[in-house]
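Trainee: Okay, sequence plus prediction incoming.
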Amino acid sequence: MTRYPLVGLPTLAIPPGPKPARFGINQSYVRALAASGCAPVLIPLLSDDERLRSIYERLDGMVFPGGDDIAPDRYGENPIDNLNVVEPERDSVELKLARWAFDDDLPTLGICRGQQLLNVALGGTLYQDLRHQGRTSVDHSGADGRPRDKLVHRVRLDPESRLAQMIDETSVEVNSLHHQAIKDVAPALRVTGTADDGVIEAVESPDRRFWIAVQWHPEEIDDLPWVRRLFDGLARAVHRPS
């Protein structure tokens, strides 16, 4: 029987409406991980640390997905105008998982909010809104209703980075669906990719086997060969021989 590596995907809380409250995740993440040979494990937002830890200890890797804003008090700031929805319960669970994963050198990929989450977990800060705070005049947010898979700007990658070497590219065109981004980089991370306006688009930890984060949404453009190489790289990092 094939033993697929287990990769955790924290979920988000879907409030009650016509249906009861649920936990869920965009299916694109599941499909991208499955296509690379992993078995995605959806992680509910559990307040019980022992049960959360019980799930975590069975995992071979983690992916922190996109989503709403991280509460500014998590990085020592007060909220400003243009802050979107925050999810304190999700922040709590994901920050805990991220710190466990970093301490244990568990292979980890952060995507969009996930990049911001990993930076905050390790002591970094964020721009709460890029344009409102004057960081850039470029609309990174996708508020114009652009398709999630539309390639809208370039990211230049450090040729010496693990990310660039893994995907065999130093300049890529990416989609963009975020209004926040890294401001102060956590001490344990280094910047490996930037947009032409200087917004940080990729970071990694040189001290971990696989601790990589990107600001775009690779799961939405995983038909591109270089994106497949990113997910395949994660699959290699999390693989445990039978």
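Mentor: Cool, the structure landed.
Trainee: And the contacts of the lowest-mean-pLDDT helix or strand in the chain?
Mentor: Least confident helix or strand of the chain, by mean pLDDT, DSSP states H and E, is strand 12-14 with a mean of 92. Strand 12-14 is contacted by residues 21-25, 45, 67-68, 87, 89-90 when judged by C-beta atoms under 8 Å, 6 or more residues apart in numbering. (Each C-beta comes from the backbone N, C-alpha and C, glycine too.)
Trainee: Quick one: end-to-end length of stretch 197-212, please.
Mentor: 21 Å (C-alpha to C-alpha, to the nearest Å).
Trainee: from now on call the first residue 53
Mentor: I'll keep to 53 as the first residue from here, and by that count the last item is stretch 249-264.
Trainee: And it, what's buried?
Mentor: Residues 251-257, 260, 262-264 are the ones in stretch 249-264 that count as buried (16 or more other C-beta atoms under 10 Å).
Trainee: What's the local residue count around Ala65?
Mentor: Applying other C-beta atoms under 10 Å, we find 14 residues neighbouring Ala65.
Trainee: Could you list the low-confidence segments of the chain?
Mentor: Residues of the chain meeting the criterion pLDDT under 70: 134, 292-294.
Trainee: Strands of that one, residue ranges please.
Mentor: Listed in chain order, the strands of the chain (DSSP state E) span 58-62, 64-66, 74-76, 91-95, 113-116, 160-163, 178-179, 205-209, 223-226, 233-234, 242-247, 252-256, 263-266.
Trainee: Looking at these, spot the one closest to Gly128.
Mentor: Closest approach to Gly128 among these is made by strand 178-179 (10.6 Å; C-beta to C-beta).
Trainee: just how off-centre is that closest one within its chain?
Mentor: Centroid separation for strand 178-179 versus its chain: 15 Å, with C-alpha atoms, centre = their mean, to the nearest Å.
Trainee: who does it pair up with?
Mentor: Using DSSP bridges, the strands paired with strand 178-179 are strand 233-234 (antiparallel).
Trainee: contact partners of the strand it pairs with?
Mentor: Contact with strand 233-234 is made by 167-168, 171, 176-179, 182, 187, 192, 243, 251-252, 255, 267, as judged by C-beta under 8 Å, 6+ apart.
Trainee: again, only this time at 6 Å
Mentor: By C-beta atoms under 6 Å, 6 or more residues apart in numbering, the surrounding residues in contact with strand 233-234 are 171, 179, 182, 251-252.
Trainee: Stretch 281-292 too?
Mentor: Taking C-beta under 6 Å, 6+ apart as the rule, stretch 281-292 contacts 57, 59, 84, 88-90, 112-113, 159, 161, 218-219, 261-262, 270.
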